[in-house]
Structure formats: C-alpha cells, structure tokens
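**Q** quick one, structure for this:
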Amino acid sequence: MSMIILASGSPRRKEILETAGLSFEIIPAKGEEQILHTEPDLVVQELSAQKALEVAGNIYHYSQKQLENLFCEEEGSEEKKLVTDTMVIGADTVVACDGKILGKPKDEKDAFEMLKNLSGRAHKVYTGVTIVLMEPSGRSGKITFSEETQVHVAPLTDQEIRDYIATGEPMDKAGAYGIQGAFGMFISRIEGDYQNVVGFPLARFYSELKKIGIDIRKW
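**A** Reported below is the predicted structural model:
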C-alpha cells in the first residue's frame, strides 16, 4: 500500500489536499526552523525541506520499529519486509513586500502597520513545497520547488484596517491577513495561483509529480 504524510498542521493545506481527493495522515514537523537564506523563494524551499526531511526520517524509523501492520513475512522466511511506499509533503508559506518577509504580527499595532503597508499596492506570496519519496527498499529522493503569486490589495482606510483587526483574524497569519477569510473583500486581483496564497500550490504539486511519472490521483 502507499501512504501520504502531510508534515504540516495547517488546516488550510489539509483542506486543499482533501478537496483534491487525497487520503493522507498529518504528522506536523516539530523541529526548530533554521534559515540560511534571505530571498523569500529560497527561504520557503529551505523551510519546507526541513519539515519534510524531519518527518520522513522519523516516520521511516517509526515504521520499521513499531508499525507491524505495515510489514509482511515472506513465506518460508522469518524476515519481515516493509510493504509501503511513503510520500512526505512539507510546505511553508511567506508573505513578502519590497523583498522583505512579513511574519505573523506581534500585536495589533504591528498588524495595523503591516496592513497599512500593503494597502493600495501589490505584494508577493511564496509557498515552498518539498516532496520526499521513500521506496520499500529504504531508498529515498526529494523534489523541492517554490511558487510565487502576486496579490493586489485595494486602498484601505484606517477604519477598515481597525475593523478587520478587531475580528482577530490577522493575528495568527503571516502578513496579517488571510485571503480566504474576511480580508478577501479587499483583494482587488491576483496574478498566479490562488491556492498558493491560501497555503498550497496544488496545480504545481500535481505537475511536478507528473514530470517523474507519478499521477497523484492514482497514488
């Protein structure tokens, strides 16, 4: 059998993959993030790889030691054999304006300043994805890529920003907004993949796997 692991606790990524009809388990990465790059596209690739590789390493070890239902015994042999192909997916999304990465706001004042800066102009959202593939033999390989979408925000009044902050929605989101929530009414247009802004570029994911002969619809 085949197994897909999402190395992220993001409810938005979970929803996107479920909508695509994929069956998967969620095991969020817990390691400390280490960033060596400054360019947003490289940062998300780096972070997605850290997440996927951490969980892939843990899952393979855990499968061998504890998940007996993932093993079979060959007839006439006491040797047990791993009978699962495993795909681990790591992802990370950042918002960047003028080349600077915008994290989650520290407080309401910080959220106001972020949104004021985004008002009436365009910024970019980057999502990095790393796919780790592990064969029954234990061999593994990975694919890492990033997707970029440009988002245009309509001019906002100070009162509109305050009202939005009062909903509480901005406080746990990079860039202080969620495009799939109440802030959607302030998005004048996007250039690129909408799902990438939500948190997972599904079309690119499908395309990258297709390049190496994997149809994720039949995994």
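**Q** could you pull out the helices in this protein for me?
**A** 11-19, 40-65, 108-118, 158-166, 194-198, 202-211 (DSSP state H).
**Q** residue ranges with poor pLDDT in the chain?
**A** 1, 60-84, 136-139 (pLDDT under 70).
**Q** and the helices of the chain: which comes nearest residue 182?
**A** Closest approach to residue 182 among these (CB to CB): helix 158-166, 6.3 Å. The C-beta positions use only the backbone N, C-alpha and C, and glycine is treated the same way.
**Q** check contacts around the nearest residue to residue 116 once chain neighbours are set aside.
**A** Excluding the flanking residues, the one nearest residue 116 by CB to CB, 6 or more residues apart in numbering is residue 161, at 6.3 Å. The neighbourhood of residue 161, defined by CB atoms under 8 Å, 6 or more residues apart in numbering, consists of 112, 115-116, 119.
**Q** make CSV from the residues you listed and add neighbour count and distance to residue 177 to it.
**A** Formatted as CSV, the contacts of residue 161 follow (neighbours: other CB atoms under 10 Å; distance: CB to CB, whole Å):
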residue, neighbour count, distance to residue 177
112, 18, 12
115, 25, 7
116, 13, 12
119, 16, 11
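**Q** bridged to the residue nearest the centre of the chain, which residues?
**A** Geometric centre of the chain, nearest residue: residue 91, 2.7 Å, by CA atoms, centre = their mean. Partner residues in beta bridges with residue 91, using DSSP bridges, are residue 129.
**Q** separation between it and residue 4?
**A** 13 Å (CB to CB, to the nearest Å).
**Q** need the max-distance pair from the contacts of residue 161.
**A** Between all members of those, the farthest pair (by CB to CB) comes out as 112 and 119, at 10.5 Å.
**Q** nearest to residue 183, out of the helices of the chain?
**A** Per CB to CB, nearest to residue 183 of those: helix 158-166, 6.2 Å.
**Q** that closest one versus helix 108-118: what angle between them?
**A** Helix 158-166 runs at 130 degrees relative to helix 108-118, counting by axes from the mean of the first three to the mean of the last three CA atoms, to 10 degrees.
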